[in-house]
Every structure is written in structure tokens, then in C-alpha cells.
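K.L.:
predicted model and sequence below, questions to follow.
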Amino acid sequence: MDNKIRRNFGRKDSVLYHDSGRSSVIRKTVCSIPAVVALMVFLSVTSFAVAEQSLVPSYGAGKYELFVFTDYFCPPCQELEADMEPALRRLLATGGVRVTFVDVPLHQYSLLYIKYFLYAANGGAKNKDILRARNILFSLAKSNTVTTEDDLANALRKQRVAFKPYDLKNVFAALTEIVRKHNIRSTPTCIVKYSDTDVRKYIGGDEIKKGLSLLQTHLKNPQR
């Protein structure tokens, strides 16, 4: 049965869903988003007509693009993080790819964590620092004990994670556009864009690990 999570994003009628999936395999590997349109309704109230991807922080540079769609409170995303962080470190160290994190607020506390990830990015975090910040956020979410803004801010300070608050209105609109463009329906999901005509989607931990390994191989041997 779907687990519906109702939360207030400034609109009383704003409802998102945390769906454990319809099959036993999917249930263990992804958190689905049957009401992803509701996310867009919430974020589109920013009245930002044309979302600019440049507003969303990204890391690394190159002709290939990697989009990582996760939710800090999604159990499969939490399980994947242990493998994801070192894989991303290797990709960024190799070079040739730009990595963009698109966090999706499925859980009632997810938006708070998304805010502070973006604040950390705005605080000047570089590749290594932002991956560490994400790892800390995932760990805090998994503990399920840090659920207020003051507590999260203090926990990050204690871990020496620098952050700088700023207006996120236009950033949320840009994130919404990325979710819509790639038709994201579940987390974790990764999109690897090799070219305009070669865009690959990987859903669930096993697929994502294979996709990241393939990208790493391609970066090292681009002619293959």
C-alpha cells in the first residue's frame, strides 16, 4: 500500500507521496513518485517562467552530464549513498563530466535538508566538500533525529560544514524543470547525457552503480 505523506510547503493543499512501489523488486530499490506533478505545482508557485539550469549548483566540467535524483529520507537512496560517494569522487577526479544533484522532496523533512544542501553549495563548497556535506546530510536523515531547522543548522556547524542561506525561489523552479524534463518518477535515479541523442536513465541502486561504472570506463577510454 502506498504511504502518503502530507506536508505543508506553504500551501495547505500541497500533497506529495512516498510510494514504496508496486512490485517486491521495485519496493526494495526505489521510492516512486506517482504524484510528481504535485511537486511541480508546489515549486512552480515561484512564478519563475523560464527555469535556468545554471541556477542549480553543479560540479566538475566536461562534455558529459550526470544528474543525480535522490531524497535524503528515501531508504534505497540512503543505502546507495555508501557506494555513490566514492563513485562520484572518482568521476570528478577523472574529469570530463559535470555532476548536478537534484534532490526531490518526498518526505516531510526533505525540503529542509534540500535547503541546507543548497546553502552549503552557496557557502563555497567545492567537489570534495559538497560530497562530504551530502554524506553528512544523508547520515543525519537516516538517524531521523534532526528534524528542525535549528537542529540541522547546529548539526552541520558541529561537523564543520559551511553554509550560506540565500533566496531559493528561482533555484526550486530550475530543479522542477529538470525533474519535468527528464520525467523523473522515482528515487534514486541517475541520468547520464553522453550527447543530445544519447541520454541514458538508470533507476535503482543496481542500475545506477552499473551506469556510473560504465561512465567511468567511458571517461577513461572515450574512443571505446
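P.N.:
Yep, that arrived.
K.L.:
for the spatially most central residue of the chain, list each beta-bridge partner.
P.N.:
For the chain, Asp103 is the residue whose C-alpha lies nearest the centre (C-alpha atoms, centre = their mean; 2.8 Å). Here Asp103 sits in beta bridges with Thr70, as judged by DSSP bridges.
K.L.:
again, but for Tyr64
P.N.:
Val97.
K.L.:
you'd agree it is up against Leu219?
P.N.:
Yes - the pair Tyr64 / Leu219 is scored as a contact, 7.3 Å apart, by C-beta atoms under 8 Å. C-beta coordinates here come from the backbone N, C-alpha and C atoms, glycine included.
K.L.:
follow-up on the earlier one: ok, the residue nearest to the centre of the chain - contacts?
P.N.:
Listed by C-beta atoms under 8 Å, 6 or more residues apart in numbering, the contact set of Asp103 reads 69-72, 110, 113-114, 117, 175.
K.L.:
ok, now Phe67?
P.N.:
Neighbours of Phe67 in contact, by C-beta under 8 Å, 6+ apart: 100, 102, 178, 182, 190-191, 193.
K.L.:
mind checking which helix or strand Phe67 is in?
P.N.:
strand 64-70 (DSSP states H and E).
K.L.:
quick check: mean pLDDT across that strand?
P.N.:
Per-region confidence: strand 64-70 scores 97 on mean pLDDT.
K.L.:
highest neighbour count among the contacts of Phe67?
P.N.:
Scoring the contacts of Phe67 on neighbours with other C-beta atoms under 10 Å, the highest-scoring entry is Cys190 at 24 neighbours.
K.L.:
beyond the helix or strand harbouring that one, next helix or strand please.
P.N.:
Counting by DSSP H and E, the element that carries Cys190 is strand 189-195. Sequence-wise, the next helix or strand downstream of strand 189-195 (DSSP H and E) is strand 198-203.
K.L.:
show residues contacting the longest helix belonging to the chain.
P.N.:
Assignment by DSSP state H gives helix 75-94 as the longest helix of the chain. Residues outside helix 75-94 that contact it (C-beta under 8 Å, 6+ apart) are 28-31, 59-60, 66, 68, 70-72, 97, 99, 127-128, 131, 134-135, 138, 141-142, 187-188, 204-205, 208-209, 212-213, 215-216, 219-220.
K.L.:
list the buried residues for that helix?
P.N.:
For helix 75-94, a neighbour-count test (16 or more other C-beta atoms under 10 Å) marks 76-81, 84, 87-88, 91-92 as buried.
K.L.:
okay, those in CSV with pLDDT and distance to Asp167 next?
P.N.:
Output for these, formatted as CSV (pLDDT from 0 to 100; distance: C-beta to C-beta, whole Å):
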residue, pLDDT, distance to Asp167
Pro76, 96, 32
Cys77, 96, 27
Gln78, 96, 29
Glu79, 95, 33
Leu80, 96, 31
Glu81, 92, 28
Met84, 93, 29
Ala87, 94, 32
Leu88, 96, 28
Leu91, 95, 30
Leu92, 94, 28
